[in-house]
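[1] I need the structure of the sequence given here:
(2 chains)
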Amino acid sequence: GDSVTQMEGPVTLSEEACLTINCTYTATGYPSLFWYVQYPGEGLQLLLKATKADDKGSNKGFEATYRKETTSFHLEKGSVQVSDSAVYFCALSATQGGSEKLVFGKGTKLTVNP
Amino acid sequence: SQTIHQWPATLVQPVGSPLSLECTVEGTSNPNLYWYRQAAGRGLQLLFYSVGIGQISSEVPQNLSASRPQDRQFILSSKKLLLSDSGFYLCAWRGYEKLFFGSGTQLSVL
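    Residues are numbered from 1 along each chain as shown, chains lettered A, B, ... in the order given. Modelled structure (predicted):
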């Protein structure tokens, strides 16, 4: 079935360091891809998305490009801030029996130190 | 605007006790609704989803059940909780091209 694999955490970086969180997927058809973020004490919220191959999603300095040839959607940021500390989830949309659902990766906890 | 309400925020229950978590959505009709569980070290797992009243799809065999008695109400239940049911439960509804999540319920089964 459809699945998402993202790099194991936790990831600890210093402020202004570069970030890459790897995400690969397995899916039938052409899913949309998402990154969700969960800040400490808050609920999940959408960070960025891409709906077709070669699309680049971006938000708050984060970027991810939908790579169909490598089935990947890696999250990147050139210079992280302390406020980026959160858990990041990669996800894909899957349609089964006419119903759509999101399949999530296990999450990667990021801690950014000043 | 659409909002999603989920309660309670925290819950401590003894093993073998029943469970009822409620989720309601406002500002939209006939939403697709979801229950996810976030267990320590296991990420976010889809438990149930519903495309309409009385329509429930279960993703994994488990000790839990879900019901949708009204269009904008989604309930997660158990007759007898297990220790392994502990976790953070999230309700969500499907908006345009993304999910909107509730604030979650932290369930501790002791």
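[2] give me the element the spatially most central residue of chain B is part of.
    Residue closest to the mean C-alpha point of chain B, counted by C-alpha atoms, centre = their mean, is residue B:35 at 3.4 Å. Assessed by DSSP states H and E, residue B:35 sits inside strand B:33-39.
[3] contacts for that strand?
    For strand B:33-39, the external contacting residues (C-beta atoms under 8 Å, 6 or more residues apart in numbering or on different chains) are A:101-102, A:104, A:107, B:23, B:25, B:44-50, B:66, B:68, B:74, B:76, B:86-94, B:99, B:101, B:104. Every residue, glycine included, has its C-beta placed from N, CA and C.
[4] in that strand, what's buried?
    Across strand B:33-39, burial judged by 16 or more other C-beta atoms under 10 Å in any protein chain shown covers B:33, B:34, B:35, B:36, B:37, B:38.
[5] circling back to that earlier point, and the residue nearest to the centre of chain B, bridged to which residues?
    Residue B:35 forms beta bridges with residue B:48, residue B:91, as assigned by DSSP bridges.
[6] wait, which of the buried residues of strand B:33-39 is closest to chain A?
    Using C-beta to the nearest C-beta, residue B:34 comes nearest to chain A of the buried residues of strand B:33-39, at 6.7 Å.
[7] distance of the closest residue to residue B:65 other than its chain neighbours from residue B:48?
    Spatial nearest neighbour of residue B:65, excluding adjacent residues (C-beta to C-beta, 6 or more residues apart in numbering or on different chains): residue B:77 at 5.2 Å. Separation of residue B:77 from residue B:48 (C-beta to C-beta, to the nearest Å) stands at 10 Å.
[8] what sits in contact with each of the two?
    Joint contacts of residue B:77 and residue B:48 (C-beta under 8 Å, 6+ apart) are B:64, B:66.
[9] neighbour count for these two, which is higher?
    residue B:48 (25 against 13; other C-beta atoms under 10 Å in any protein chain shown).
[10] give me the low-pLDDT residue ranges for chain B?
    B:1, B:41-42 (pLDDT under 70).
[11] what does it put close to chain A?
    Within chain B, the positions adjacent to chain A are B:32, B:34, B:36, B:38, B:41-46, B:49, B:51, B:57, B:59, B:90, B:92, B:94, B:97-99, B:101-104 by C-beta under 8 Å from any C-beta of the partner chain.
[12] before I go, just wanted to say thanks for your time.
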